[in-house]
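Visitor: Sequence first, predicted coordinates after that:
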Amino acid sequence: MQPMLLPEIMKNISIHLVGVKGTGMCALAELLVSAGANVSGSDVDEVFYTDSILEQLGIQVLGFSRESLVDKTEFVIRSAAYDESNPVVAEALSRGLVILTYPEALGDLSRRFDSSAVSGVHGKTTTAALTGTILKALDSPSTVVVGSAVAGFGDRSTWTGGNRFLVAETCEYRRHFLHFHPHRIVLTSVESDHQDFYPDYESIRSAFLDFIDLLPDGGELIYCSDDSGAEEVALEVSGRRPGIVLTPYGVFAAGKWRISEGRPAAGENRFRVEAFTQEFRLAVPGHHLVLDATAALVLSYSLAMKETGLFNVSRAAEALAGFRGSRRRSEIIGEAGGVLIMDDYAHHPTAIATTLKGLKAFHPDKRLVVDFMAHTYSRTAALLEEFAGSFSDADVLLLHPIYASAREVYDGTVTGRVLWEKTSDCRPGRETLYCETLDEAEKELAGILQSGDLFITLGAGNNRPLGARILKELSR
């Protein structure tokens, strides 16, 4: 095993984080501060929701300049968004300092715990948040890292209850999760995504298989048997790594984590698993949330049994019932003029379809008005037909130009208008609008929204502020 990149004892070690306002980097800052490190950071001037967290941690955020790197700095951790062209990173290189990326730093920290990774193309943020919510209720000696702010964590991305276990959301993009050192892996889903790096399904599937190969013999793979990609990967793992414990969950799972769902009720999901007589309830929408909650139960159960041999199912059920979501995951922005305004990060056709279906089931009497902005030309081009067919539950739909990624080259073949044309063909007789700007969308919505509607912004683009603008307008 290669040596640790960061010191085993962090107390008084000076570490600078480049891009410290990012969700993951801010969470990392929390972990480092709790370990006793002296943390400084640099980022852009733009206000982020993490600013208040960093202020509470006592971290002064400086601008991107060589002077931001104080003389006593010993280690630098950079967001994947910044390379050697960043002035702070360039200064660190000139000094010969140790520079780590966020995935490398998280992976290095994972070696100090009995660590569990939450992975998958969809659902990993919510699954990690739900796991942390249960572990908090169980007083587990765990540290949890989530890729979004969680209401139950005081609107932070981490929860710290001890240092025996680490549960962290891990990212498949550019194989970042291969830096992690897992004893358990939750696999929610496997399908084609990140087409700028994974050109086809086989390439992303191979990445997940390589990640699972990091499990030691006796390690556990907790996988969703309802997802064909996860099921396929688990089947291959069973042949090539017989020493790994396979734990399926889902409606179609064999064994004690098979789900049976109760009768749908407005504002509530109800379900049971074979392992317990207890009925579980969720106040967040969608069947996919039931799957995520079950994955969280399985992982929490595994950790509790290892720690004490006991699992308090009543406390776990109470924790799930009290879960109110995380930032950008069916997040409620507000309500005004009888219109409920929400936001969700769903940016892949599968996630879009499941999110909208869940909202329809949760709010059956509301008209669903959706504003979606596609993210990356490569993803939109590769999944154009799937995107076009993913909005069947939207009563009214607004689309925009594609929000480009700095990491891709645009070839001109697919545009937001092309997506609008394809989507309109899939929704004959239903209102599907194209808006070049958020200002244009706001004007259109002024004549569309009415009392009893649910308005939601979807995607990884920059249309999220539209929700706050609509809320302000309707509140007048």
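Guide: Sure, I can see it. Note that the coordinates shown come from a computational prediction; the quantities given were computed from them, not determined experimentally.
Visitor: Mind jotting down where the strands sit in the stretch 151-300 of the chain?
Guide: For the stretch 151-300 of the chain, the strands defined by DSSP state E, counting those that start in this stretch occupy 156-160, 165-169, 184-187, 220-224, 245-249, 259-261, 269-273, 280-282.
Visitor: And those: which comes nearest Gly447?
Guide: Counting by CB to CB, Gly447 lies closest to strand 269-273 out of those; the figure is 33.9 Å. For glycine as for every other residue, the C-beta is placed from the backbone atoms N, C-alpha and C.
Visitor: Apart from its chain neighbours, what residue comes closest to Ser40?
Guide: His16 (4.9 Å; CB to CB, 6 or more residues apart in numbering).
Visitor: now the strands of the stretch 151-300 of the chain as JSON lines including mean neighbour count, distance to Ile448 and mean pLDDT?
Guide: Below are the strands of the stretch 151-300 of the chain laid out as JSON lines (neighbours: other CB atoms under 10 Å; distance: least, CB to CB, whole Å; pLDDT from 0 to 100):
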{"stretch": "strand 156-160", "mean neighbour count": "23", "distance to Ile448": "35", "mean pLDDT": "92"}
{"stretch": "strand 165-169", "mean neighbour count": "27", "distance to Ile448": "36", "mean pLDDT": "98"}
{"stretch": "strand 184-187", "mean neighbour count": "27", "distance to Ile448": "40", "mean pLDDT": "99"}
{"stretch": "strand 220-224", "mean neighbour count": "26", "distance to Ile448": "37", "mean pLDDT": "99"}
{"stretch": "strand 245-249", "mean neighbour count": "20", "distance to Ile448": "40", "mean pLDDT": "99"}
{"stretch": "strand 259-261", "mean neighbour count": "15", "distance to Ile448": "33", "mean pLDDT": "91"}
{"stretch": "strand 269-273", "mean neighbour count": "20", "distance to Ile448": "29", "mean pLDDT": "94"}
{"stretch": "strand 280-282", "mean neighbour count": "20", "distance to Ile448": "30", "mean pLDDT": "95"}
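Visitor: can I get those strands in TSV with distance to Glu335?
Guide: TSV is the format used below for the strands of the stretch 151-300 of the chain (distance: least, CB to CB, whole Å):
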stretch	distance to Glu335
strand 156-160	25
strand 165-169	29
strand 184-187	34
strand 220-224	33
strand 245-249	34
strand 259-261	28
strand 269-273	21
strand 280-282	20
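Visitor: just to revisit the earlier point, restricting to C-alpha, output the host helix or strand of the residue nearest to Ser40 in CSV.
Guide: Assessed by DSSP states H and E, His16 sits inside strand 14-18. Coordinates of the C-alpha atoms in strand 14-18 are reproduced here as CSV (Å, rounded to 0.1, in the frame of the first residue of the first chain):
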residue,chain,number,x,y,z
SER,A,14,-1.3,24.2,7.6
ILE,A,15,-3.5,23.3,4.6
HIS,A,16,-4.8,25.6,1.9
LEU,A,17,-7.8,24.7,-0.2
VAL,A,18,-8.1,26.1,-3.7
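Visitor: Leu356 belongs to a strand, doesn't it?
Guide: No. Under DSSP: H, G, I helix; E, B strand; the rest coil, Leu356 sits outside any strand and is assigned helix.
Visitor: separation between it and Ser192?
Guide: 20 Å (CB to CB, to the nearest Å).
Visitor: who's more crowded, the two?
Guide: Taking other CB atoms under 10 Å, Leu356 and Ser192 do not tie; Leu356 has more neighbours (26 against 21).
Visitor: wouldn't that one be in contact with Ala394 here?
Guide: Yes. Using CB atoms under 8 Å, Leu356 makes contact with Ala394 at a distance of 6.0 Å.
Visitor: what's the overlap in contacts for the two?
Guide: Both Leu356 and Ala394 are contacted by Leu368, Val370, under the criterion CB atoms under 8 Å, 6 or more residues apart in numbering.
Visitor: confidence score at the residue nearest to Ser40?
Guide: What the model reports for His16 is a pLDDT of 98.
Visitor: For it, give the beta-bridge partners.
Guide: His16 has these beta-bridge partners by DSSP bridges: Ser40, Val76.
Visitor: Spit out the contact partners of it.
Guide: 39-42, 68-70, 73, 75-77, 88, 92.
Visitor: And it, how close does it get to Ala90?
Guide: 13 Å.
Visitor: pLDDT weak spots in this structure?
Guide: 1-2, 263-266, 406-409 (pLDDT under 70).
Visitor: which SSE is the residue nearest the centre of it in?
Guide: Residue closest to the mean C-alpha point of the chain, counted by CA atoms, centre = their mean, is Thr125 at 3.1 Å. Counting by DSSP H and E, the element that carries Thr125 is helix 124-137.
Visitor: what helices or strands is that helix leaning on?
Guide: strand 114-119, strand 142-150, strand 156-160, strand 165-169, strand 184-187, helix 287-307, helix 313-321 (3 or more CB pairs under 8 Å, 6 or more residues apart in numbering; DSSP states H and E).
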